[in-house]
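Trainee: no sequence for this one, just the structure:
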Ligand SMILES: O=C1O[C@H](COP(=O)(O)O)[C@@H](O)[C@H](O)[C@H]1O
């Protein structure tokens, strides 16, 4: 079973950034108290900029960064120092600003072959589950504490796109795509069974370009068949949509 869905609407992107910092800092405190660590899965795109308040006081002071574990929702198959890399984006905009131990950051190693990159990350995750660094959910997939997801204008989430088969993957933890409609074409991505085994999922959307996708996902506009990938995201405890005025503009 999946958890409840919350929709939080804000006047501006700035207000979303503040609320997201508060929400993430509170969850970090809760999980560290309960289990001694906090696993956080980062997407690329605009999300990293929306996280900017978290690395500033008062939030940055409240968080025990030494207990954070960082993973990626998806990655572009490019070297880690390439401007298109989601790792580089997170490093420059977030990770370089807070004292998360290097050993707790799990970048997705680059190989030329997308298939090899996906296999590498899945194998790495399986080892972490075996060592009990990440727990296994009753679903048989790893259980992360928080997913911080963005949404694309076409309704994609992670690198799971509307007209691509990866969104239907049921067995693998990580899969790959070589013809992503959004550049660059080769990417790897967590699959839906992994995302939907996560405890908390934040869907962070701050652009008018995504307003239609948001309204479809939240049942205000009719769903296409098959529905959009972003409509299929549901965390085990809760899914919280953080929307600014523009992203929420088609909800009323
Ligand atoms: O390509 C990607 O796009 C999505 C959405 O990005 P946004 O810029 O529209 O927020 C992102 O979540 C994903 O991680 C990224 O690889």
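Mentor: That came through, no problem. The structure displayed is predicted, hence computed values, not measured ones. Numbering: from 1, shown residues only.
Trainee: okay, CA-based contacts and neighbour counts for the rest of this
Mentor: Will do.
Trainee: Could you pick out the longest helix of this structure?
Mentor: helix 13-35 (DSSP state H).
Trainee: quick one: pLDDT of residue 1?
Mentor: If you check residue 1, the pLDDT there is 76.
Trainee: cool, and residue 71?
Mentor: 98.
Trainee: pretty sure it contacts residue 107?
Mentor: Yes - in this structure, residue 71 is within contact of residue 107 by CA atoms under 8 Å, at 6.7 Å.
Trainee: Compare these two (neighbour count), which wins?
Mentor: residue 71 (20 against 16; other CA atoms under 10 Å).
Trainee: who's in contact with the helix or strand encompassing that one?
Mentor: Assessed by DSSP states H and E, residue 71 sits inside strand 68-72. Applying CA atoms under 8 Å, 6 or more residues apart in numbering, the contact partners of strand 68-72 are 28, 37-43, 86-87, 100, 104-108.
Trainee: How about stretch 204-216?
Mentor: 13, 16, 47, 148-155, 221-223, 228, 230-231, 241-251.
Trainee: Just the ones of these in helices?
Mentor: Per DSSP H, those map to helices at 13, 16, 47.
Trainee: What separation do you get for the closest residue to the last one other than its chain neighbours and residue 33?
Mentor: In this case it means residue 47. Distances taken as CA to CA, 6 or more residues apart in numbering place residue 150 nearest to residue 47, at 5.9 Å, with adjacent residues excluded. Going from residue 150 to residue 33 by CA to CA, to the nearest Å gives 27 Å.
Trainee: Those two - which one has more neighbours?
Mentor: Neighbour totals were compared for residue 150 and residue 33, and residue 150 leads with 26 against 11 (other CA under 10 Å).
Trainee: surely the more buried one meets residue 46?
Mentor: Yes - using CA under 8 Å, residue 150 makes contact with residue 46 at a distance of 7.1 Å.
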